[in-house]
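Chemist: Predicted structure and sequence below. I'll ask about it afterward.
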Amino acid sequence: MIDLVSKRFWYFALSLAVILPGLVSLLIPPGLTPGIEFSSGTTMAIQFEGPVAQDALRAELAAQGHPDAVVQRQKPVSEVALLVEAGPVNYEPEQVKQRLSRRFGKLSDYTVGALLQVQFAGPVSEDRLRAELGRLGHPEATLERRPVDGGERWRIATQSLVAPVTTQELKQSEPGEESKLREALAKRFGEPSQFAAKVVLSLSFEGAVSAEQLQGELTAQGHPEAVVSVPQPRPEAEAGSGPAYTIELGQLGGPRPAYDDKPAEPGEEASLRQALVQRFGPISQFQVTSRVVAAFPSVVSQADFKAELQTPGRSESEVTVEALPQGVRFTSVVTPRLRPPTLAPETITVTPGEDQRLKASLEERFGATASYTSANTYRLKFGRGVTDEELSGALRALGFSDVALQRQVLTQGDAYFLRTRPLKVGERGAQGALGPSERDQLETALRSHIGPITILETATVDPVVAAETVRNAFLAVVVAAAFILLYVWWAFRRLQHAFRYSVAAIIALIHDVLVVLGIFSVLGKVANVEVNAMFITGMLTVVGFSVHDTIVVFDRIRENLGRADAPPFEVAVNNSLLETMGRSLNTSITLLLTLLALLLFGGVTLRNFVLVLFIGVITGTYSSIAIASQLVVSWERGDFARAARFLRRLNPLPGAARSRE
């Protein structure tokens with residue numbers, strides 16, 4: 001059987017050999033290379049249009065008061081701009097931007113313009129056309145003359161045009177069934193001498209309601225013409241039920257859709273029913289029919305009239321006929337009631353769009369135009385590759401019928417990451433105006449002395465915030481260690497010397513932290529690896545993993561010591577290590593393979609976090625086997641007491657020396 005416990009001093013020596021170089025590196029300022037979260041400062045990711053030497057950039061930063069600035073070369077961003085012509089003119093550029101962003105991701109550039117193509121009946125000089133466009137508010141317009149059959153065509157590129165001013169009104173999109181019925185009767189029997197259609201409500205209430213109260217409420221709801229009558233009692237009516245009424249009134253309007261920022265409204269029938277319920281309580285019966293009265297000067301049979309009333313979905317109509325001196329009059333009850341007209345919003349242009357106003361002004365100045373077209377122009381830059389087919393399809397889905405694309409590859413120069421002291425904001429002058437900030441001054445100096453630049457990213461952390469971040473990070477680790485100490489002591493309180501287990505777990509934890517800190521200190525000095533917020537997150541994760549692995553071993557020690565035939569302490573610890581080693585190694589190796597993949601392919605953002613976990617998993621697995629349990633054995637065997645006596649003999653205390661004399 002492998003004896004791991006007897007080799008504990010070799011494990012301690014190996015840990016010291018790994019930790020001591022890291023401690024030396026930590027003692028050499030700066031111990032760790034702090035990121036911006038812990039040291040304060042301003043970071044900028046910039047890109048030049050042409051090549052720029054790193055020494056020239058350092059010299060310019062020093063001339064601007066930043067001799068200690070960190071300058072790191074980065075991979076330049078390769079961009080492709082898409083120049084789009086799409087017609088007809090769309091006056092909602094933000095909607096286009098939102099739809100394209102949802103489809104293809106964030107746009108790094110989105111510039112909207114307009115393109116007019118005008119062919120005049122006669123020749124027009126460029127100076128006259130430019131002067132007229134300036135008078136119309138477009139002095140920035142660019143002109144291009146192209147010869148065409150029968151004359152010349154001008155391409156006018158300008159800024160985006162002002163949208164037309166519109167409003168909405170409700171218009172009748174479909175006539176009501178009343179007018180359709182009258183037209184049908186007139187077509188079949190000739191124009192009626194009398195035609196009227198009324199709405200008839202048959203309803204009864206659960207409570208007591210008088211006819212006078214009902215008439216008053218109908219008048220209050222805007223129906224003073226309503227006629228309230230009491231029908232004959234129904235044989236099937238339940239005893240104690242409320243009164244029943246028949247109400248005859250004019251046509252009730254249908255629902256009104258939302259339009260021009262006005263909300264949708266229910267039909268008058270629903271509104272009237274709701275008002276009656278609120279006024280008199282629940283309605284036990286509510287039926288709506290139509291009463292149609294039609295008179296004709298000629299003889300019309302009852303069967304023919306009744307046939308005209310029948311439509312799909314309508315029940316058998318009750319028709320009564322009355323002979324007149326000249327002709328005949330019919331009275332019919334139609335169920336369900338005749339549907340009112342359907343309303344729909346209609347957009348009305350109050351002021352035409354600027355493209356139409358430009359056309360009218362140009363025609364007034366230079367005569368009629370043989371052709372005139374207008375379209376939007378877009379300059380787009382996406383964060384990822386977008387094919388012409390994808391973009392054309394997306395624009396056509398937005399309503400553009402004619403789409404023309406042109407790709408423009410933007411040649412980019414060198415890109416750099418800069419880190420300086422915190423740049424100050426501008427100060428207010430005597431007039432209260434805010435002056436330029438240090439960042440603005442630095443950007444202006446780089447543009448004027450080196451060349452055009454694009455600011456890809458910028459961030460600033462105040463020194464107060466950085467100091468607070470350092471304090472909070474330190475407190476987080478200390479508090480975590482304190483709680484772990486108490487928890488381990490409580491969890492193993494039934495074992496003899498339970499406090500030793502918690503102290504050993506904390507020492508193993510400190511061992512893992514020191515190993516990670518030492519390696520990052522060396523990497524900071526050699527490869528400029530910075531300690532940032534993701535590093536602290538990784539350290540707390542390592543603390544949890546280290547203690548978790550240690551507790552697994554301690555728990556197996558507790559089981560082995562609690563058996564009736566428990567072996568000696570050292571043997572129990574050795575057996576526990578061998579029994580849990582396979583599980584610990586399998587778990588750690590599986591996790592390390594995943595972390596290795598993230599370290600190689602996960603990108604820069606996660607690199608520090610994954611690197612901390614990678615180192616922490618290795619040292620945490622090692623400390624749970626070779627440090628924590630071995631410390632408990634050394635404490636139990638008295639190794640620490642013997643080491644203390646040996647050190648006192650090498651360097652006796654002054655008081656002890658005098659007492660011997």
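Modeler: Good, I have the coordinates.
Chemist: what kind of secondary structure is Asp109 in?
Modeler: Under DSSP: H, G, I helix; E, B strand; the rest coil, the three-state class of Asp109 is strand.
Chemist: Burial check on it, number of neighbours?
Modeler: Neighbour count for Asp109, taken as other CB atoms under 10 Å: 13. Using the backbone N, CA and C atoms, a C-beta is placed for each residue, glycine as well.
Chemist: Please report how far it lies from Asp388.
Modeler: Distance, Asp109 to Asp388, using CB to CB, to the nearest Å: 18 Å.
Chemist: Could you do His223 as well?
Modeler: With CB to CB as the criterion, His223 and Asp388 are 63 Å apart.
Chemist: And these two? Which one has more around it.
Modeler: Using other CB under 10 Å, the more surrounded residue of His223 and Asp388 is His223, with 18 against 13.
Chemist: shouldn't that one be in contact with Leu249?
Modeler: Yes - in this structure His223 lies within contact range of Leu249 using CB atoms under 8 Å: 5.0 Å.
Chemist: mind listing the helices for the stretch 251-400 of the chain?
Modeler: In the stretch 251-400 of the chain, the segments counted as helices under DSSP state H, counting those that start in this stretch are 268-280, 302-309, 354-366, 388-397.
Chemist: Please identify the buried residues of the top helix by length along the chain?
Modeler: The residue-count maximum for a helix in the chain (DSSP state H) belongs to helix 569-601. Under the neighbour-count criterion of 16 or more other CB atoms under 10 Å, helix 569-601 has 569, 572-577, 580-581, 584, 587-588, 592, 595, 598-599 buried.
Chemist: cool, stretch 51-65 as well?
Modeler: Neighbour-count burial for stretch 51-65, counted by 16+ other CB under 10 Å, picks out 52, 57-58, 60-61, 64.
Chemist: of all the residues you listed, which comes closest to Val300?
Modeler: Checking those against Val300 by CB to CB gives Val52 as the nearest, at 96.5 Å.
Chemist: tell me the contacts of the closest one?
Modeler: Applying CB atoms under 8 Å, 6 or more residues apart in numbering to Val52 gives the contacts 413-414, 416, 450-451.
Chemist: Please repeat the previous calculation with a cut-off of 10 Å.
Modeler: Contacts for Val52 (CB atoms under 10 Å, 6 or more residues apart in numbering) come out as 46, 60, 73, 413-416, 446, 450-451, 453.
Chemist: Okay, and which of those residues map to strands?
Modeler: Under the assignment DSSP state E, those contribute 46, 73, 415-416, 453 to strands.
Chemist: now the residues you listed: which count as buried?
Modeler: 46, 415-416, 453.
Chemist: most centrally placed residue in the chain?
Modeler: Closest to where the C-alpha atoms of the chain average out (CA atoms, centre = their mean) is Arg102, at 10.1 Å.
Chemist: same for whatever helix or strand Ser25 lives in, what does it pack against?
Modeler: In the assignment (DSSP states H and E), Ser25 maps to helix 8-27. Helix 8-27 is packed against helix 498-527, helix 607-623, helix 629-637, helix 639-650, with contacts defined by 3 or more CB pairs under 10 Å, 6 or more residues apart in numbering; DSSP states H and E.
Chemist: The same query, at a cut-off of 7 Å, please.
Modeler: helix 498-527, helix 629-637 (3 or more CB pairs under 7 Å, 6 or more residues apart in numbering; DSSP states H and E).
Chemist: Show me what counts as buried in stretch 41-51.
Modeler: Buried residues in stretch 41-51, counting neighbours by 16+ other CB under 10 Å, are found at 41-48.
Chemist: and if you look at stretch 413-431?
Modeler: 413-416, 418-420, 422-423.
Chemist: For the residues you listed, give me TSV that also has pLDDT.
Modeler: As requested, the buried residues of stretch 413-431 are arranged in TSV below (pLDDT from 0 to 100):
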residue	pLDDT
Gly413	71
Asp414	79
Ala415	80
Tyr416	80
Leu418	80
Arg419	76
Thr420	80
Pro422	75
Leu423	75
